[in-house]
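Colleague: sequence unknown, structure follows:
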């Protein structure tokens, strides 16, 4: 059974810092991996989608990498801003379904 | 497009009552998913549809839960009878072909007293 783990569960950084969020999964037979952002009381917003054949995807200040063989993905956020404060969820695509980690709650202070 | 639409946004009910959650997916999307989010278990897939047909309902916790998709633009998730442990946020999501980005609705926060 696929399990997705995100470490750390919470992270506090000062504005301007570069940071890395980690995601690990137990079964390397995945179709894709998605990173989502969730603001308090809101739905999920897709940030990046990496297909299983890809190694990384970039969008603005965000860069996500995927290493299937080691069962890991990282989300790199450059020059963090207070507006980046949210919970970041990693989800592994196993067939059509997504299996989610429990998220990392990020707080960026000004 | 308005995105995935869910109603109601908040629902408070008493144990034993029937609860119906509604979802309108993004037009043209072939797949519709129902998820449940709790602090303890995180986000879990309950059921998903492809072209209005239920494909995998293995995540539905009990027979008290049922879901339908009568047409391409509407789906319901029903809980009958509801119990306090059903309290959670229920999300609906839709996507184009399998493996594509899933787009989530704002969720329905259900509280069962």
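Modeller: Cool, got the structure. No experiment lies behind these values; they were computed from the predicted model shown.
Colleague: low-scoring pLDDT stretches of chain A, where are they?
Modeller: Chain A contains no residues with pLDDT under 70.
Colleague: what does it have sitting close to chain B?
Modeller: When proximity is defined as Cβ under 8 Å from any Cβ of the partner chain, chain A approaches chain B at A:31-32, A:34, A:36, A:41-46, A:49, A:51, A:89, A:91, A:93, A:95-103. Just so you know, the C-beta spots here come from the backbone N, C-alpha and C atoms, and that holds for glycine as well.
Colleague: Which ones among those residues lie within strands?
Modeller: A:32, A:34, A:36, A:44-46, A:49, A:51, A:89, A:91, A:93, A:97-100 (DSSP state E).
Colleague: mind listing what's buried in stretch B:76-87?
Modeller: With burial defined by 16 or more other Cβ atoms under 10 Å in any protein chain shown, the residues of stretch B:76-87 counted as buried are B:77, B:79, B:82, B:86-87.
Colleague: Sorry, slip of the keys, the one I care about is stretch B:44-60.
Modeller: B:44-49, B:54, B:56, B:59-60.
Colleague: so of the residues you listed, which ones are in helices?
Modeller: Nothing among those maps onto helices, per DSSP state H.
Colleague: give me the subset of the residues you listed touching chain A.
Modeller: Answer for the buried residues of stretch B:44-60 near chain A (Cβ under 8 Å from any Cβ): B:44-45, B:48, B:56.
Colleague: can you tell me which of those residues lies nearest to chain A?
Modeller: Distance to chain A across these (Cβ to the nearest Cβ) is lowest for residue B:45, with 5.0 Å.
Colleague: hang on, that closest one packs against residue B:35?
Modeller: Yes - contact criterion Cβ atoms under 8 Å: residue B:45 and residue B:35 qualify, at 5.6 Å.
Colleague: So which bits of chain B are right by chain A?
Modeller: Chain B comes close to chain A at residues B:4, B:31, B:33, B:42-45, B:48, B:50, B:55-56, B:91, B:93, B:98-107, B:109, as judged by Cβ under 8 Å from any Cβ.
Colleague: Now with 6 Å, please.
Modeller: B:42-43, B:45, B:98-99, B:101, B:104-107 (Cβ under 6 Å from any Cβ of the partner chain).
Colleague: sorry, back to before: ok, of the residues of chain A next to chain B, which come out buried?
Modeller: Burial by neighbour count, 16+ other Cβ under 10 Å: within those this picks out A:31-32, A:34, A:36, A:43-44, A:46, A:49, A:89, A:91, A:93, A:96-103.
Colleague: Compute the distance between the closest residue to residue B:16 other than its chain neighbours and residue A:4, please.
Modeller: In space, and not counting its chain neighbours, residue B:16 is closest to residue B:81: 4.5 Å by Cβ to Cβ, 6 or more residues apart in numbering or on different chains. Distance of residue B:81 to residue A:4, computed by Cβ to Cβ, to the nearest Å: 32 Å.
Colleague: And for residue A:88?
Modeller: From residue A:88 over to residue A:4 (counting by Cβ to Cβ), the distance is 13 Å.
Colleague: what does residue A:23 give?
Modeller: 7 Å.
Colleague: got any ranges where chain B has weak pLDDT?
Modeller: B:1, B:98-99.
Colleague: how about the helices in it?
Modeller: Listed in chain order (using DSSP H), chain B turns out to have no helices.
Colleague: residues touching the residue lying closest to residue B:25 once chain neighbours are set aside, list them.
Modeller: Excluding its sequence neighbours, the residue lying closest to residue B:25 (Cβ to Cβ, 6+ apart) is residue B:94, at 3.4 Å. Contact partners of residue B:94, counting by Cβ atoms under 6 Å, 6 or more residues apart in numbering or on different chains, are B:4, B:25-26, B:29, B:32, B:103.
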